[in-house]
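Asker: need a structure here:
(one chain, ligands or ions: 1)
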Amino acid sequence: MLVTRFAPSPTGRLHLGHAYSAVVGHARARASGGQFLLRIEDLDPTRSRPEFVAGIEEDLRWLGLEWDGEPIVQSRRTSHYAAALDRLKERGLVYPCFCTRADIAASLTAPHGDAGSSYPGTCRGLPDDLDRRASTPHSWRLDCARALEVSGPPGWTEDDGRRFTADSSDIGDAILARKDAPASYHLACVTDDAASGVTLVVRGADLAPSTPIQRLLQALLDLPEPAYLHHPLVTHSDGRRLAKRDLAPTLAAMRESGVDGRALADGLRANQLPPGFALSPCLDSTGA
Ligand code: GLU
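Answerer: Numbering: from 1, shown residues only. Reported below is the predicted structural model:
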């Protein structure tokens, strides 16, 4: 059975780009009698807010996109991420990193951001120091070189059948957990995709750079391999990307101004965008 998921972070109201992603995932699931799941990615305690979770559900209902089962809420699943991290620790595939928060902040706040490839490796190969670990806040990083030795270069298949293979420059020593955040986006994402039986990961092409590390983690953790659909991004007509910090209208604002949510979703299903917006033709599924 085909299982897709929509996995927003409740750090703001949804905009048209989210709506497109949800519509594509929902349509693929419904076309084959499969399931469409909703996952709330609320592991960033500083940016996630309960009112945005309510807003996500309200927006999806307005679009006419019903999801199957209860939403999966990541902040309630931290023991599963800790168990996955323990498995990697037992196999010597992660190491504690004591570098400052400023160095590493990007990897947790932006799923599209640093997968660890810019980390200079300062803490890799340090002798394990239990006292230091007990007294000093630290994160856990993937030992990418060891991981690649164990499982070989990760590959993935796009929904249209194209096969991609990553190399080490696509991955790096990504952070998988931090003292104040029990799992990074990557570790939580692969744990949950597997636990909920996701067979097709539908997300924007801007998240394609996350796929190599996630495929590597799946291989290391013996998790099944889903297929991927990295869809084009909704942009302003002039090609500027939508972003929460940008002035993209939220779905809530569109609703208040009288837009019909179901009609909007019908249009998006046919790749028809409201005036002023477009699907970016220049981003292909590799995110290039
Ligand atoms: N939570 C991520 C975001 O809102 C999406 C993660 C995913 O679909 O893998 O950008």
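Asker: Report all helices and strands that the helix or strand Trp156 falls within contacts.
Answerer: Assessed by DSSP states H and E, Trp156 sits inside strand 155-157. Other helices and strands packing on strand 155-157, by 3 or more CB pairs under 8 Å, 6 or more residues apart in numbering; DSSP states H and E, are strand 163-165, helix 211-220, strand 227-231. To be clear about C-beta, it is placed using only N, CA and C from the backbone, and glycine gets the same treatment.
Asker: what about the next helix or strand after the last one, average pLDDT?
Answerer: Of the helices and strands lying after strand 227-231 in sequence (DSSP H and E), the nearest is strand 234-236. The average of the pLDDT scores along strand 234-236 is 92.
Asker: Trp140 belongs to a strand, doesn't it?
Answerer: Yes. Assigned with DSSP: H, G, I helix; E, B strand; the rest coil, Trp140 falls within a strand.
Asker: and the nearest residue to His80 once chain neighbours are set aside, what does it touch?
Answerer: Distances taken as CB to CB, 6 or more residues apart in numbering put Thr191 closest to His80, at 5.4 Å, once the chain neighbours are dropped. By CB atoms under 8 Å, 6 or more residues apart in numbering, Thr191 lies in contact with Arg77, His80, Tyr81, Ala84, Ala183, Leu221, Leu223.
Asker: Paired strands for the strand holding Trp156, with orientation please.
Answerer: strand 163-165 (antiparallel) (DSSP bridges).
Asker: What residues of the strand it pairs with count as buried?
Answerer: Phe164 (16 or more other CB atoms under 10 Å).
Asker: And for it, what's in contact with it?
Answerer: Identification of contacts with strand 163-165 by CB under 8 Å, 6+ apart yields Pro153, Pro154, Gly155, Trp156, Thr157, Glu158, Thr211, Thr286.
Asker: and the last one, what pLDDT?
Answerer: As summarised for this prediction, Thr286 has a pLDDT of 41.
Asker: again, but for Tyr228
Answerer: So Tyr228 comes in at 98 (pLDDT).
Asker: cool, the one 3 residues further on as well?
Answerer: The per-residue pLDDT reported for His231 equals 95.
Asker: My guess is it contacts Val24. True?
Answerer: Yes. At 5.3 Å, His231 counts as touching Val24 under the criterion of CB atoms under 8 Å.
Asker: Identify the contacts common to these two.
Answerer: Val202.
Asker: roughly how far is stretch 5-19 from the heart of the chain?
Answerer: Relative to the centre of its chain, stretch 5-19 is centred 11 Å away, using CA atoms, centre = their mean, to the nearest Å.
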